[in-house]
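next comes the sequence, and after it the predicted model I'd like to discuss.
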Amino acid sequence: MTTPTKEGSAAVQARRVLVLNSGSSSVKYQLLDMENRSRLAIGLVERIGEETSRLLHTPLTGGAATRERMGRIADHEAALKAAAEELAADGLGLDSPELASIGHRVVHGGLRFTEPTVITEEVLAEIERLVPVAPLHNPANIIGIRTAQVLRPDLPQVAVFDTAFHTTMPEYAARYAIDVETADAHRIRRYGFHGTSHAYVSRKAAELLGRTPEEVNVIVLHLGNGASASAVAGGRCVETSMGLTPLEGLVMGTRSGDIDPAVTFHLTRVAGMSVDEIDVLLNKRSGLVGLCGDNDMREIRRRIDEGDERAALAFDIYVHRLKKYIGAYSAVLGRVDAVVFTAGVGENSAPVREAAIAGLEEFGLAVDAGLNAVRSGEPRLISPDYARVAVAVVPTDEELEIAGQTFALVERLGRTAQPGQAEPLGRVDN
Ligand SMILES: Nc1ncnc2c1ncn2[C@@H]1O[C@H](COP(=O)(O)OP(=O)(O)O)[C@@H](O)[C@H]1O
Ligand SMILES: CC(=O)OP(=O)(O)O
Ligand SMILES: [Mg+2]
């Protein structure tokens with residue numbers, strides 16, 4: 001993209017993309033140069049709204065060190081403004097004519113958004129409409145977008161949706177077996193999340209195997225604080241574990257994953273809990289934290305090493321659920337070329353990977369202890385040569401993927417726009 005300078009004379013190449021990943025209480029951001037797909041700066045604002053907010057900012061050019069700001073950052077708007085100040089202090093301010101676009105991770109896009117989308121008022125209204133099915137995520141995404149629009153009203157803002165990759169799921173995988181009229185009236189179905197990660201990781205896994213994405217069937221296990229599994233056949237998602245909301249499926253840091261839905265009626269009737277209380281219970285006080293009081297796998301492993309039985313049981317429940325999904329998705333795919341671990345737990349916890357694959361030799365799966373113990377930021381195989389199915393660790397990079405999709409879209413639109421017609425960018429609706 002070419003952007004006029006402030007003087008309106010010579011033009012500079014706008015090749016930078018700022019990526020914003022706004023979570024319920026945090027904002028992660030990265031500024032990337034898409035000329036060579038390199039990072040210029042990365043940062044994180046956490047515990048937004050608390051007295052103990054913290055901003056960590058790392059410039060990646062010029063060798064400067066990480067900077068830390070402690071103390072209350074009231075809301076997502078303040079967080080983003082603080083991040084913009086840090087970037088400006090490194091000479092990477094958002095007012096730069098080199099900035100081509102701001103790419104936003106948006107968690108719930110329903111069925112409508114299957115591609116990266118330039119954000120218009122109408123697109124924002126749709127993201128807003130989906131708040132009830134992504135209450136922890138979409139509101140934060142909306143504030144991130146609104147604040148970025150104020151900071152750079154002239155730039156196209158692009159939404160990249162967690163749900164987009166999963167829209168290829170066949171109807172029989174996406175539809176719940178409940179009354180069709182009720183489901184359709186309220187758009188109740190499996191949407192799936194973490195799609196940007198599942199897409200990126202499944203593609204990288206094919207590369208690791210020396211094949212094209214079209215040639216391989218893979219099971220991706222995205223194990224972060226939120227966790228989800230997906231079955232990807234020939235580059236297309238055919239099944240995933242998260243559902244209408246990011247609550248279903250695997251055991252997560254604070255979310256229960258699969259339970260009998262009748263647990264909710266039961267709690268209403270016998271414990272007198274309200275719907276909102278049950279929502280908090282299942283989303284924030286369940287999963288690993290509900291089982292043992294900790295949601296960080298490092299801490300859980302440390303406690304297990306000290307003989308803590310609650311931590312050991314939480315670990316076993318977490319791994320048992322993973323194993324069930326590996327088995328189920330092996331059946332769904334018929335032939336599996338690779339099982340791939342990614343995100344914080346998947347990339348770093350050798351004990352989780354070992355335990356999840358243990359006993360699956362009949363499925364052609366095995367882990368080599370030596371390879372599994374290697375720590376690396378690179379995609380790598382951890383299965384022995386004799387194993388029929390590869391087991392791999394592939395670090396995810398949602399920000400790079402969002403930046404790539406954002407930049408490709410604004411470049412495409414920049415090319416199709418007529419000279420002097422830059423303005424309609426903001427109204428493109430796809
Ligand atoms: N070295 C490690 N060993 C084991 N688990 C780790 C390690 N580093 C991070 N984790 C796990 O990864 C989780 C965070 O994963 P991440 O993908 O960053 O989550 P999110 O993006 O959802 O915030 C932590 O809560 C912790 O359980
Ligand atoms: C959708 C989801 O669960 O996201 P995260 O893992 O970032 O909470
Ligand atoms: Mg994540």
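On my side now, so go ahead. Ligands and ions are numbered 1, 2, ... in the order given.

OK, contacts around residue 296?
Residues counted as contacts of residue 296 (Cβ atoms under 8 Å, 6 or more residues apart in numbering) are residue 253. Every residue, glycine included, has its C-beta placed from N, CA and C.

phi, psi of it?
phi -90, psi 120 (degrees, to the nearest 10).

now it: how far from residue 225?
Using Cβ to Cβ, to the nearest Å, residue 296 is found at 9 Å from residue 225.

and the chain, which of its residues are near ligand 1?
The chain comes close to ligand 1 at residues 224-226, 253, 295-298, 343-345, 348-349, as judged by Cβ under 6 Å from any ligand atom.

remind me, longest helix of this protein?
helix 309-333 (DSSP state H).

does the helix or strand following it come close to ligand 2?
For helix 309-333, the succeeding helix or strand toward the C-terminus, using DSSP states H and E, is strand 338-342. No: judged by Cβ under 6 Å from any ligand atom, strand 338-342 stays clear of ligand 2, getting no closer than 11.7 Å.

so what does strand 338-342 touch, helix or strand wise?
Where contact means 3 or more Cβ pairs under 8 Å, 6 or more residues apart in numbering; DSSP states H and E, strand 338-342 is packed against helix 195-208, strand 217-223, helix 350-357, strand 390-393.

so what touches it?
Against strand 338-342 from outside (Cβ under 8 Å, 6+ apart): 197, 201-202, 205, 208-209, 216, 218-223, 326, 347, 352-353, 357, 365, 389-396.

helix or strand right after that strand?
Downstream of strand 338-342 (by DSSP H and E), the next one is helix 343-348.

follow-up on the earlier one: now the common contact residues for residue 296 and residue 225.
residue 253.

if I look at residue 404, how far off is residue 12?
Counting by Cβ to Cβ, the gap from residue 404 to residue 12 is 21 Å.

grab the nearest non-local neighbour of the residue in the stretch 1-150 of the chain positioned nearest to ligand 2.
At 4.9 Å from ligand 2, residue 107 is the closest residue in the stretch 1-150 of the chain, using Cβ to the nearest ligand atom. Excluding the flanking residues, the one nearest residue 107 by Cβ to Cβ, 6 or more residues apart in numbering is residue 137, at 3.6 Å.

neighbour count winner among residue 404 and residue 12?
It is residue 404, of residue 404 and residue 12, that has more neighbours when counted by other Cβ atoms under 10 Å, with 20 against 13.

doesn't the more buried one fall inside a strand?
No: if the criterion is DSSP: H, G, I helix; E, B strand; the rest coil, then residue 404 is helix and not within a strand.

re earlier: dump the residues of the chain next to ligand 1 into TSV; add pLDDT and distance to residue 69 as well.
TSV is the format used below for the residues of the chain next to ligand 1 (pLDDT from 0 to 100; distance: Cβ to Cβ, whole Å):
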residue	pLDDT	distance to residue 69
224	94	24
225	89	23
226	93	26
253	95	25
295	93	25
296	93	23
297	96	28
298	95	25
343	96	26
344	94	23
345	97	28
348	97	26
349	98	30
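
and those residues, which are buried?
With neighbours counted using 16 or more other Cβ atoms under 10 Å, the residues of the chain next to ligand 1 contain these buried positions: 224, 225, 226, 253, 295, 297, 343, 344, 345, 348, 349.

identify the residues contacting the fourth one.
It stands for residue 253. Neighbouring residues of residue 253 by Cβ under 8 Å, 6+ apart: 224, 225, 226, 227, 287, 288, 289, 295, 296.
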